[in-house]
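K.L.:
model this:
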Amino acid sequence: MVSPTVNVARYTALVSGVFYGIYHRRSLQKAHDQDKEHHAIHHREQLIAQAKDAWKHKQESAKGDGIVTDPEDPRFDLEKLFAKWEKEAH
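P.N.:
Here you go, the predicted structure:
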């Protein structure tokens with residue numbers, strides 16, 4: 001038989017280990033969540049920067065050839081637009 005003092009020490013160690021595990025798990029999860037949020041924000045910023053660059057490039061290329069692609073614009077010319085698309089396709 002094991003003495004009551006040893007049983008108290010065993011169960012105290014067991015309970016304190018369980019509580020330490022819960023505390024440690026929460027601290028690791030919190031750090032992981034912060035890292036994940038930081039990564040998501042950084043990724044979103046990169047996507048926005050890429051979209052801005054693509055938009056800027058598209059606007060610069062549209063201004064360079066003088067072709068209006070908006071059908072509501074009075075300067076819109078469908079034949080010029082088709083010619084531009086044919087040139088881009090080849």
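
K.L.:
How many neighbouring residues does S3 have?
P.N.:
8 (other CB atoms under 10 Å). Bear in mind the C-beta positions are built from the backbone N, C-alpha and C, glycine included.

K.L.:
ok, it to H57 distance?
P.N.:
80 Å (CB to CB, to the nearest Å).

K.L.:
now G17
P.N.:
59 Å.

K.L.:
try D73
P.N.:
For D73 relative to H57 (CB to CB), the value is 21 Å.

K.L.:
How far does the helix or strand hosting L28 sit from its chain's centre?
P.N.:
Per DSSP states H and E, L28 falls inside helix 4-65. In terms of CA atoms, centre = their mean, to the nearest Å, the centre of helix 4-65 is set 12 Å apart from its chain centre.

K.L.:
Also stretch 71-83?
P.N.:
Worked out by CA atoms, centre = their mean, stretch 71-83 lies 38 Å from the chain centre.
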